[in-house]
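[1] okay, predicted coordinates and the sequence, questions at the end:
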Amino acid sequence: MMNKMMNQNKSISKMGFFFIAVALLWLKSYLTYVFEFNLDIQNFVQQFLLFFNPLSSALIFLGIALFAKGKRAGIWIIVIDFLMSFLLYANVVYYRSATDYITLPTLTQTDNFGSLGGSILNLVAWHDLFYAVDIIVLIALYVRNRNSWSDSRMKLRKPALVLAAGVMAFAVNLGLAEADRPELLTRTFDRNYIVKYLGSYNFAIYDAVQTIESSRQRVLADSSDITVVENYTANKYAAPNKELFGAAKGKNIIKIHLESFQSFLIDYKLHGEEVTPFLNSLVHNESKNFTYFDNFFHQVAQGKTADAELIMDTSLYPLPQGAAFVTKGNNTYQALPAILGQKQDYTSAVFHGDNKSFWNRDEVYKQFGVDKFFHSKYYDMNEGNTVNYGLKDKPFFKQSIPMLKSLEKPFYAHMMTLTHHHPYLISDKEASIKPANTGDPSVDRYFQTARYLDESLKQFFKDLKEAGLYKDSVIMIYGDHYGISENHKKAMKQITGEKITDFKHTQLQRVPFMIKVPGVDGKGTVHEYTSQMDVMPTMLHLMGIKANNYIMFGTDMFSKQHKEYVVFRDGDFVTPKYTMADGNFYDNDTGKPIKEPTKNMKEMAKKVRHELELSDNVLYGDLLRFYEPSKSWKPVDASEFSYIKKAEKQK
């Protein structure tokens with residue numbers, strides 16, 4: 001066999017070169033899956049498929065190069081190998097930040113590339129040179145052996161057989177995958193499953209098909225499609241708490257967005273010090289004003305912060321791929337800013353110390369009916385005031401006070417912090433607590449920027465009081481998404497003192513939510529299971545607006561009929577008694593797997609999938625264009641808003 005691969009000068013034949021390329025790409029892909037991705041291999045079949053699945057992709061894609069004439073086949077093999085390697089490595093870098101895989105919609109997010117931004121350099125390691133080794137080897141082999149290759153085109157039989165072998169390998173792969181995970185391609189919301197069973201290259205194809213299908217859905221949608229959604233959300237509706245309905249009507253609303261802030265920080269002590277003493281004081285209701293929900297969860301997907309904004313202001317789930325802010329930025333929305341503006345003449349504004357186009361905000365906010373957008377052009381963005389993603393939190397809050405005071409009352413103001421964002425950069429001068437000592441830089445610095453954020457909030461509250469804006473304002477504080485991903489389980493074990501299992505990781509997706517309503521005594525800590533999806537109906541009821549007129553998947557957090565389950569984008573969910581994590585059920589009290597789930601548990605899992613599908617239908621089909629919540633409702637006209645002109649006037 002080796003003799004056939006060599007000519008008389010011991011050169012490698014064209015087919016020999018091809019099989020070396022296949023072997024190297026196969027091995028590189030498998031090692032990447034093992035060492036870079038957390039794919040949760042649970043049995044021998046999954047382990048075998050993890051090893052086997054790169055083969056079909058390598059045979060098919062590299063096999064295409066064999067149709068090229070003469071020596072160009074070798075060049076094609078190198079080019080295709082490079083492109084596949086680039087895709088693989090791009091996924092590695094993205095995964096290190098987002099614990100997720102690149103999709104076509106994320107590639108349209110050119111301003112921030114899936115929210116990596118300036119943190120890319122912190123995600124690159126010296127050993128990443130490994131991803132170029134096979135390409136270097138192939139180039140060297142090509143240069144050494146090309147002169148011995150024929151200039152004629154290879155007979156079609158050989159490349160056809162290679163492609164047939166690739167297709168057969170994929171068929172075997174898919175068959176075994178379906179046997180271990182039935183309806184893999186039709187039921188799962190979790191990209192991890194696709195990569196685990198079929199590989200990252202086949203996932204890219206699957207994602208492309210899904211993206212095309214989602215575009216098709218809007219074209220084919222009609223007014224009858226919204227009826228099913230309307231009936232579902234109407235049945236889920238929770239009537240308002242009579243004592244609180246309308247309690248905040250006419251009051252200013254200040255919504256404070258805590259970037260990457262997880263609830264385990266509350267009351268956490270590092271080196272004997274409270275990491276967030278000011279937030280702790282609000283949680284423990286020292287002022288008797290705040291209500292804190294300690295079982296409040298984020299529900300974001302690839303869009304991270306943008307997803308949190310979508311959920312909080314629309315009570316819709318984020319998309320399974322990409323961010324709706326980018327891919328569905330021109331959809332029709334019936335968002336909280338527009339509702340408050342039309343129903344109670346509220347002025348709405350977003351405050352964010354970053355570029356206005358980040359996450360396509362300057363377009364989406366128009367669809368939401370946001371009146372004013374105070375972005376980077378409104379702030380002093382000098383070098384001393386900025387770090388990482390934009391304006392530091394302390395100057396951000398300080399500079400926002402005059403803008404808040406300028407708003408016509410009543411107003412709905414959304415304040416977005418930035419400093420507490422991966423990779424959690426802070427100078428020694430500004431850090432008022434020492435880093436943790438897990439040996440994981442991101443985790444260690446996480447506590448320092450959390451302290452900085454806490455200090456900035458304390459000063460902001462003081463400034464609000466001096467400006468006369470505190471007493472008569474609803475103040476809502478919430479975390480947008482996790483800050484420490486699954487890639488840091490070893491360090492988090494040191495922080496929490498517990499092994500980070502799938503169950504424990506799911507429980508760590510709690511983020512803070514606390515709220516003060518003027519004239520209403522705080523309820524202290526409430527243990528109700530709630531989520532970002534529930535905020536919009538809660539706020540509408542506090543404002544005296546019935547939520548059942550609108551399409552929303554959340555329920556009022558203060559209602560006696562509140563639905564206590566939290567749905568995650570991948571189809572997992574949490575209830576007060578049990579949790580579904582990575583497709584498996586766990587008992588909340590013990591954290592141990594439930595070997596025989598009850599019928600109710602299985603029905604709940606089915607309900608969760610149905611709810612996600614309905615929300616997806618709303619976004620993919622742009623179904624709200626067919627829905628009229630009331631006779632007085634006027635669809636938002638995006639052309640009425642121009643944040644560029646307002647920014648120029650401010651300057």
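    Ah, there it is. Note that the coordinates shown come from a computational prediction; the quantities given were computed from them, not determined experimentally. Numbers count the residues shown, from 1 in each chain.
[2] per-residue pLDDT, residue 650?
    Residue 650 carries a pLDDT score of 42 in this model.
[3] could you chop this protein up by domain?
    Domain segmentation of the chain under automatic domain parsing yields 2-217, 225-650.
[4] so for the first one, what's the average pLDDT?
    This predicted structure assigns domain 2-217 an average pLDDT of 85.
[5] tell me how far the residue nearest to residue 540 when sequence neighbours are not counted lies from residue 346.
    Distances taken as C-beta to C-beta, 6 or more residues apart in numbering place residue 547 nearest to residue 540, at 4.5 Å, with adjacent residues excluded. From N, CA and C alone the C-beta is placed, and that goes for glycine too. Applying C-beta to C-beta, to the nearest Å, the value for residue 547 to residue 346 is 16 Å.
[6] how about residue 447?
    37 Å.
[7] ok, for residue 465, nearest residue in space, not its chain neighbours?
    In this structure, residue 465 finds its nearest non-sequential neighbour in residue 471, 7.5 Å apart by C-beta to C-beta, 6+ apart.
[8] SS state for the one you found?
    The local conformation at residue 471, judged by DSSP: H, G, I helix; E, B strand; the rest coil, is coil.
[9] that one: neighbour count?
    Residue neighbour count, defined by other C-beta atoms under 10 Å, stands at 13 for residue 471.
[10] same deal with residue 606?
    With neighbours defined by other C-beta under 10 Å, the count for residue 606 comes to 10.
[11] ditto for residue 81
    In terms of burial, residue 81 registers 23 neighbours under the definition other C-beta under 10 Å.
[12] follow-up on the earlier one: what's the pLDDT at the residue nearest to residue 465?
    Per-residue confidence (pLDDT) for residue 471: 94.
[13] distance of it relative to residue 508?
    35 Å.
[14] re the thing from before, my guess is the residue nearest to residue 540 contacts residue 534, does it?
    No. Under the criterion of C-beta atoms under 8 Å, residue 547 is not in contact with residue 534, lying 10.2 Å apart.
[15] what residues are shared contacts of those two?
    With contacts defined as C-beta atoms under 8 Å, 6 or more residues apart in numbering, the residues adjacent to both residue 547 and residue 534 are residue 556.
[16] more neighbours, the two?
    More crowded of residue 547 and residue 534, by other C-beta under 10 Å: residue 534, with 31 against 24.
[17] how about the contacts made by the closest residue to that one other than its chain neighbours?
    For residue 534, the nearest residue in space outside its immediate sequence neighbours is residue 554; the separation is 3.9 Å by C-beta to C-beta, 6+ apart. Listed by C-beta under 8 Å, 6+ apart, the contact set of residue 554 reads 315, 531, 532, 533, 534, 535, 536, 537, 538.
[18] so how far is residue 317 from the nearest residue to the fourth one once chain neighbours are set aside?
    Read it as residue 533. Setting aside the residues directly before and after it, residue 533 is nearest to residue 554 in space (C-beta to C-beta, 6+ apart), at 3.5 Å. Note on residue 554: its distance to residue 317, by C-beta to C-beta, is 10 Å.
[19] same check on residue 211?
    According to C-beta to C-beta, residue 211 stands 18 Å off from residue 317.
[20] the more surrounded of the two?
    Relative neighbour count places residue 317 above the other of residue 211 and residue 317, with 29 against 18, counting by other C-beta under 10 Å.
[21] from memory the more buried one sits against residue 533, does it?
    Yes. With contact defined as C-beta under 8 Å, residue 317 reaches residue 533; the gap is 7.3 Å.
[22] what sits in contact with each of the two?
    Here residue 317 and residue 533 have 299, 311, 553, 567 as joint contacts, going by C-beta under 8 Å, 6+ apart.
[23] and which of those residues is nearest residue 264?
    Comparing the shared contacts of residue 317 and residue 533 against residue 264 with C-beta to C-beta places residue 299 closest, at 17.6 Å.
[24] what's the spacing between that closest one and residue 346?
    Counting by C-beta to C-beta, the separation of residue 299 from residue 346 is 25 Å.
[25] flag the shaky bits of the stretch 301-450 of the chain, pLDDT-wise.
    Confidence mapping of the stretch 301-450 of the chain against pLDDT under 70 gives zero matching residues.
[26] quick one, what contacts residue 293?
    When contacts are counted by C-beta under 8 Å, 6+ apart, residue 293 is found next to 513, 514, 525, 526, 528, 530, 557.
[27] can you tell me how far the first one is from residue 343?
    Shown here: residue 513 relative to residue 343, a distance of 24 Å by C-beta to C-beta.
[28] thinking again about what came up before, wait, is the residue nearest to residue 533 part of a helix?
    No. The assignment for residue 554 (three-state DSSP) gives coil, which keeps it out of a helix.
[29] any chance you could map the strands in the stretch 251-400 of the chain?
    Assignment of strands within the stretch 251-400 of the chain using DSSP state E, counting those that start in this stretch yields the ranges 252-258, 269-270, 273-274, 290-297, 347-352, 372-374, 386-387, 390-391.
[30] how far off centre is the last one?
    Relative to the chain's own centre, strand 390-391 is displaced by 21 Å; criterion: C-alpha atoms, centre = their mean, to the nearest Å.
[31] which other helices and strands contact that strand?
    Under the contact definition 3 or more C-beta pairs under 8 Å, 6 or more residues apart in numbering; DSSP states H and E, strand 390-391 sits against no other helix or strand.
[32] show residues contacting it.
    Applying C-beta under 8 Å, 6+ apart, the contact partners of strand 390-391 are 352, 353, 354, 355, 376, 379, 381, 385, 399, 418.
[33] among these, which ones are buried?
    Burial by neighbour count, judged by 16 or more other C-beta atoms under 10 Å, picks out 352, 353, 354, 355, 376, 379, 381, 385, 399, 418 from the contacts of strand 390-391.
[34] my guess is the third one meets residue 376, correct?
    Yes. Here residue 354 lies in contact with residue 376, judged by C-beta under 8 Å, at a distance of 5.6 Å.
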